[in-house]
Structure formats: C-alpha cells, structure tokens
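Participant: For reference, the sequence and a predicted model appear below.
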Amino acid sequence: MKKLTIAFLLLSSLSFAYTRKEQIQENLSKIGIKQAIIDETKKLIMK
C-alpha cells in the first residue's frame with residue numbers, strides 16, 4: 001500500500017510540473033515572446 005501511495009504522489013507531482021511548463025509556454029507565446037526567452041524562463045522556474 002505504501003508503494004502505491006508513493007507512486008501516486010510521484011506521478012501527481014510530475015504531471016503538475018509538466019502542466020506548469022505548458023502553461024508558461026502558452027502564456028508567453030500568446031504575448032509574442034521569443035522561444036529562446038521562453039525556454040530560459042521555464043528552466044529558471046522549474047529549478
């Protein structure tokens with residue numbers, strides 16, 4: 001049961017991180033920010 005709980009929490013946190021990256025990408029793209037700047041922003045936020 002412990003392993004199942006740990007696996008669930010790990011997957012939940014990974015899916016949140018992926019969603020956060022996608023949200024950053026979408027928001028900055030909408031306002032016309034260059035892709036290189038978006039990539040650097042995602043790196044800084046995800047540290």
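Facilitator: Thanks, I have the structure now.
Participant: quick one: contacts for Arg20?
Facilitator: By CB atoms under 8 Å, 6 or more residues apart in numbering, the residues touching Arg20 are Ile45, Met46. In short, each C-beta sits where N, CA and C put it, glycine included.
Participant: pLDDT below threshold where in the protein?
Facilitator: 13-15, 17-18, 47 (pLDDT under 70).
Participant: quick check: longest helix of it.
Facilitator: Ordering each helix of the chain by length in residues (DSSP state H) puts helix 2-30 first.
Participant: could you point out which element follows that helix?
Facilitator: Note on helix 2-30: by DSSP states H and E, the next helix or strand toward the C-terminus is helix 35-45.
Participant: Can you list the buried residues in that following helix?
Facilitator: Ile38, Thr41, Lys42 (16 or more other CB atoms under 10 Å).
Participant: same check, this time on stretch 24-36
Facilitator: Ile24, Gln25, Leu28.
Participant: Looking at those residues, which one is closest to Lys34?
Facilitator: Among the buried residues of stretch 24-36, Leu28 lies closest to Lys34 (CB to CB), at 9.0 Å.
Participant: ok, the closest one touching Thr41?
Facilitator: Yes - using CB atoms under 8 Å, Leu28 makes contact with Thr41 at a distance of 6.6 Å.
Participant: sorry, back to before: out of the buried residues of helix 35-45, which one sits closest to Thr19?
Facilitator: Within the buried residues of helix 35-45, distances to Thr19 taken as CB to CB reach their minimum at Lys42, with 12.3 Å.
Participant: List the contacts of the closest one.
Facilitator: Lys21, Ile24, Gln25.
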